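K.L.:
need a 3D model of the following:
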Amino acid sequence: MARITSAKCKLCRREGEKLFLRGERCFGAKCAIVKRNFIPGVHGPTARRQKLTGYGIQLREKQKAKKIYGLLERQFANSVAKATKMKGDSGANLFTLLETRLDNVIYRLGIGRSRAEARQRVSHGHIEVNGKKVDIPSSSVKVGDLVSIKEGALKSKFYENIFEKISKLELPEWMIFDPKTNKAKIISLPDISKSKQEFDPKIIIEFYSR
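P.N.:
Residues are numbered from 1 along each chain as shown. Purely as a prediction, here's the structure:
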């Protein structure tokens, strides 16, 4: 299955909520949820959202999470399978696995304006973990890891004033940014009870357990 390349704003309208797939646009007046908060299609504003069954609710939650993180079905299913084999709550495990992906970490740091852009920064070899280049977006960070931008990449205009921007962000409680070294440190694993959730991982685990 190919990665979703259709208009990202339609994906948000289909879910009826912001999935933050287009970076800064999602926070402004041009956001599709602000301008056209109805299901995409020929019926326009008069279209009604169908009442979902239990299965439908689980399916939509799974699809929403996939869109948020930009994953293919096989990638997402592998994450779910790994989460269920880990000790502890499977839903919390899934949340941790998704949040600690390197492309998501770069997005949380503001180095990418969207997860798609963050994935691109990683794939282009702009990111280092513990001083070594890592160009695999799905790589997982661990507690104690130091994440930074490769020195050579900083010459790009894209990274102009990037560290000043990062220092002004409200980062997740599981990472900190040191302005002296211009590196971010993973100080703990994401705690689902302390994080704002954009989806319900418990429902997703139930979907794959059917």
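K.L.:
does the closest residue to Asp200 other than its chain neighbours sit in a helix or strand, and which one?
P.N.:
The shortest distance from Asp200 to any residue other than its chain neighbours is 5.5 Å, reached at Glu61 (Cβ to Cβ, 6 or more residues apart in numbering). Placement of C-beta: from N, CA and C, glycine included. Assigned by DSSP states H and E, Glu61 belongs to helix 54-69.
K.L.:
and the host helix or strand of Val147, what does it pack onto?
P.N.:
Using DSSP H and E, Val147 maps to strand 146-149. Packed against strand 146-149 by the contact rule (3 or more Cβ pairs under 8 Å, 6 or more residues apart in numbering; DSSP states H and E) you find helix 102-108, strand 127-129, strand 183-186.
K.L.:
give the buried residues for the helix holding Glu61.
P.N.:
Using 16 or more other Cβ atoms under 10 Å as the burial criterion, the residues of helix 54-69 that qualify are Gln58, Arg60, Glu61, Lys62, Gln63, Lys64, Ala65, Lys66, Lys67, Ile68, Tyr69.
K.L.:
rebuild those as CSV, extending it with distance to Leu98 and pLDDT.
P.N.:
Putting these into CSV (distance: Cβ to Cβ, whole Å; pLDDT from 0 to 100) gives the following:
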residue, distance to Leu98, pLDDT
Gln58, 17, 94
Arg60, 17, 93
Glu61, 13, 94
Lys62, 12, 96
Gln63, 14, 94
Lys64, 12, 93
Ala65, 7, 95
Lys66, 10, 95
Lys67, 12, 93
Ile68, 8, 94
Tyr69, 5, 96
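K.L.:
can you list those residues in JSON lines and add distance to Tyr159?
P.N.:
Shown next, in JSON lines, are those (distance: Cβ to Cβ, whole Å):
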{"residue": "Gln58", "distance to Tyr159": "41"}
{"residue": "Arg60", "distance to Tyr159": "37"}
{"residue": "Glu61", "distance to Tyr159": "36"}
{"residue": "Lys62", "distance to Tyr159": "35"}
{"residue": "Gln63", "distance to Tyr159": "33"}
{"residue": "Lys64", "distance to Tyr159": "31"}
{"residue": "Ala65", "distance to Tyr159": "30"}
{"residue": "Lys66", "distance to Tyr159": "29"}
{"residue": "Lys67", "distance to Tyr159": "27"}
{"residue": "Ile68", "distance to Tyr159": "25"}
{"residue": "Tyr69", "distance to Tyr159": "24"}
